[in-house]
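Chemist: Quick one: sequence and predicted model below, then my questions.
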Amino acid sequence: MSLYFEKRRGFLVLLTALACCAVGVANAQTNASWPDKPIKIIVGYSAGGATDILARLVAVKMGNTLGQSVIVENKPGANSNVGAEIVARSPADGYTLYAFSIANTINMSLYPKLGYDALKDLEPIGMIAKIPNILVVNPNLPIKTVADYVRYAKESKDGVTFASSGSGSSIHLSGEMFKMQSKIQMLHIPYKGSAPAVTDLLGGQVDSMFDNAPSAMPHIQSSKLRAVGITSAQRSPLLPEVPTLAESGYPNFDVQSWFALAAPAGTPKPIIEKLNAALNKALTAPDVRQRLQELGATPEPGSPEKMRDFATAEVKRWREVVKASGAKAE
């Protein structure tokens, strides 16, 4: 009897080993042939905002390197949480990617319940770029400096309104940080992306916005919006005459939006490495670097590990800001 069971157990062990071997071979073949169909990047905002602009900028170059089309799809909602959750629940096969951003690390503290964990459910691929935010106002308002902005808010019965691409975005938190430091009355008006927010700002429905440089610059250059201050520690080469908020009386004010790519957790490492290499190659292309410079963005090529460490640190940083400001998802 015991001999029978010993033989049976040995047979089962052999079958298990063969099955594991077959899976390993299949995975190796899949990784080797990847990609064999188009790849999509989900952007959690509407078309026209900084996240969308930068995703589309690298998508074409990555597609050329990988030999497959890389298509951008916009899935706006809940400050990019809708798009992030879609990707987090997608197959970990390298065909559905996410335009990861500073907003996702902020959302970890801003939203009491999320359908995903930005650090556990998304696999870092690499950084794209960092850009400053610009405090812009409707030019019909009597505001030309940060001091004018503060004075206007104090003299207005209802204070000043500021639009954002969504609750918890760096655009929103830049305003909340300024509100904390200036102690003026500021009403936050959230939108589903920068583009619709800017549209209302241009139309005079809202007074101001701490917008990302790429979406704000065309309107500043055409004088449809007036730049008042820069949120980064240094002035922007594109707007050398516009002072930083730190220079304008608010020391240590330093906020930059950042943008990256991620995949569903569990995506095979060889695929992540191929995507990272394609992204870093895209960021070295002269025309991409020229376009980034025009947008006021700084390219940030690097490894998936570097991005993971950075995102982890950002979650901690923004948790403290959200708590201090009392900001809440709207």
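Modeler: In hand now; what should we look at? Computed from a predicted structure; not experimentally measured.

Chemist: what's downstream of the helix or strand containing Glu123, the next helix or strand?
Modeler: Taking DSSP states H and E as the criterion, Glu123 maps to strand 122-137. Following strand 122-137 in sequence order, the next helix or strand is helix 146-155 (DSSP H and E).

Chemist: Buried residues of the helix or strand just after that following helix, list them for me.
Modeler: Following helix 146-155 in sequence order, the next helix or strand is strand 160-164 (DSSP H and E). For strand 160-164, a neighbour-count test (16 or more other CB atoms under 10 Å) marks 160-164 as buried. (Glycine included, C-beta is placed from N, CA and C.)

Chemist: So Glu305 belongs to a helix, correct?
Modeler: Yes - assessed by DSSP: H, G, I helix; E, B strand; the rest coil, Glu305 belongs to a helix.

Chemist: tally of neighbours for it?
Modeler: 11 (other CB atoms under 10 Å).

Chemist: One more: Leu225?
Modeler: 23.

Chemist: looking at it, Met217 is touching Gln293, isn't it?
Modeler: No - shown here, Met217 and Gln293 do not form a contact pair, counting by CB atoms under 8 Å, at 11.2 Å.

Chemist: Who has more neighbours out of those two?
Modeler: Met217 (22 against 13).

Chemist: which SSE is that one in?
Modeler: Element membership for Met217 (DSSP H and E) is helix 213-221.

Chemist: that older thread, between the buried residues of strand 160-164, which is closest to Leu110?
Modeler: Ser164 (12.1 Å; CB to CB).

Chemist: And the next helix or strand past the host helix or strand of Glu176?
Modeler: Taking DSSP H and E as the criterion, Glu176 maps to helix 170-182. With elements assigned by DSSP H and E, the helix or strand that comes after helix 170-182 is strand 186-190.

Chemist: so that next one versus strand 160-164, what angle?
Modeler: 30 degrees (axes from the mean of the first three to the mean of the last three CA atoms, to 10 degrees).

Chemist: and the angle for strand 186-190 with helix 146-155?
Modeler: If you take the same axes, to 10 degrees, strand 186-190 sits at 100 degrees to helix 146-155.

Chemist: Which positions within strand 186-190 qualify as buried?
Modeler: 186, 188-190.

Chemist: Turn those into TSV, columns for pLDDT and distance to Ala153.
Modeler: Output for those, formatted as TSV (pLDDT from 0 to 100; distance: CB to CB, whole Å):
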residue	pLDDT	distance to Ala153
Met186	96	7
His188	93	13
Ile189	94	14
Pro190	90	19
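
Chemist: And those, which two are furthest apart?
Modeler: Taking CB to CB, the two most distant members of those are Met186 and Pro190; they sit 13.0 Å apart.

Chemist: what's the spatially closest residue to Gln234 that is not a sequence neighbour in contact with, if anything?
Modeler: Spatial nearest neighbour of Gln234, excluding adjacent residues (CB to CB, 6 or more residues apart in numbering): Thr244 at 6.8 Å. Taking CB atoms under 8 Å, 6 or more residues apart in numbering, we find Thr244 in contact with 229-235, 253.

Chemist: which residues of the chain score low on pLDDT?
Modeler: For the chain, the stretches with pLDDT under 70 are 1-30, 330.

Chemist: all helices for it, in order.
Modeler: Under the criterion DSSP state H, helices of the chain are mapped to 2-33, 50-66, 81-88, 102-110, 146-155, 170-182, 194-203, 213-221, 269-282, 286-294, 304-325.

Chemist: Between these, which one is closest to Met127.
Modeler: Closest among those, using CB to CB: helix 304-325, at 5.3 Å.

Chemist: residues making contact with the closest one?
Modeler: 100, 102, 104-106, 108-110, 118-119, 123-127, 168, 173, 176-177, 179-180, 258, 260, 272-273, 276, 327.

Chemist: For those residues, which PyMOL command selects only the ones that are buried?
Modeler: The PyMOL command for the buried members of the contacts of helix 304-325 (criterion: 16+ other CB under 10 Å) is given here:
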select buried, resi 100+102+104+105+106+108+109+110+118+119+123+124+125+126+127+168+173+176+177+179+258+260+272+276+327
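
Chemist: so of the contacts of Thr244, which ones are in strands?
Modeler: Those of those mapping onto strands are 229-230, per DSSP state E.

Chemist: ok, the most centrally placed residue in the chain - contacts?
Modeler: In the chain, the residue lying closest to the centroid (CA atoms, centre = their mean) is Ser101, at 1.8 Å. By CB under 8 Å, 6+ apart, the contact set of Ser101 is 44, 51, 80, 170, 257-260.

Chemist: among the residues you listed, which two are most distant?
Modeler: Taking CB to CB as the measure, the contacts of Ser101 span a maximum distance of 14.6 Å, between Gly44 and Trp258.

Chemist: Does Phe259 touch Ala129 like I think?
Modeler: Yes - assessed by CB under 8 Å, Phe259 is found in contact with Ala129 at 5.7 Å.
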